[in-house]
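**Q** Requesting a structural model of the entry that follows:
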Amino acid sequence: MATIVVAMHRSFGWSTDRLLRLRKKMRVQMECLKGRYVKLEEMEAIVEKELNWGFRIERDDTWEMRRRVEYRTVRVMSAVFLIALRDEFGFGQKRAMRAYKELADIWTAVHEGSLTMEAVWKEHDAVGKSIGEALAL
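**A** Below you'll find the model as predicted:
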C-alpha cells in the first residue's frame, strides 16, 4: 500500500481522502478474492474488458516458490488496484495506465535497488501526517 500511496500522490497529487477511498475499495476487492467469490483470472478478465488492458501473464514451472509467490502477489495487487480505480473513481484506460506506470516504476526501482523502501516510506509519510495511521500500515 505504501507504494500505491506514493504512486497516486506522484501521478495525481492525491492526499488522504482519496487515498482512503482507494484503500477501502481495494480492501473490498481483496475480500472478494479471499472469500473466493471471484478468481484472480476473472478479475484480470474484467480489467482487460473494462479498460482494454492487456496483461502479459508469464508461466514458468521452473520458478522457485518465492518467485511464484512474488509474481502472484504482483498480479493480485495489479488487478485489485486497477479495478478499484475503475469502480471507485471511474478511471479509463489512459488514467489507469498513467497510475499503473508510476506504480510499476516504483516497484521496479525498489527491486533494482535504485530506490529504497525507506525512501518510499519517507515520501509516503510526507503525503499526509495521519495517512500512515489511517491506512493502518
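**Q** what comes into contact with whichever strand or helix holds Val69?
**A** Element membership for Val69 (DSSP states H and E) is helix 65-89. For helix 65-89, contacts defined as CB atoms under 8 Å, 6 or more residues apart in numbering pick out 4, 18, 21-22, 25-26, 29-30, 33, 40, 43-44, 46-47, 50-51, 53, 55, 57-58, 63, 91-92, 95-96, 99-100, 103, 107. C-beta here means a position set from N, CA and C on the backbone, and glycine is covered the same way.
**Q** orientation of the helix or strand following that helix relative to helix 65-89 in degrees?
**A** Later in the chain than helix 65-89, the nearest helix or strand by DSSP H and E is helix 93-112. Orientation check (axes from the mean of the first three to the mean of the last three CA atoms, to 10 degrees): helix 93-112 against helix 65-89 gives 150 degrees.
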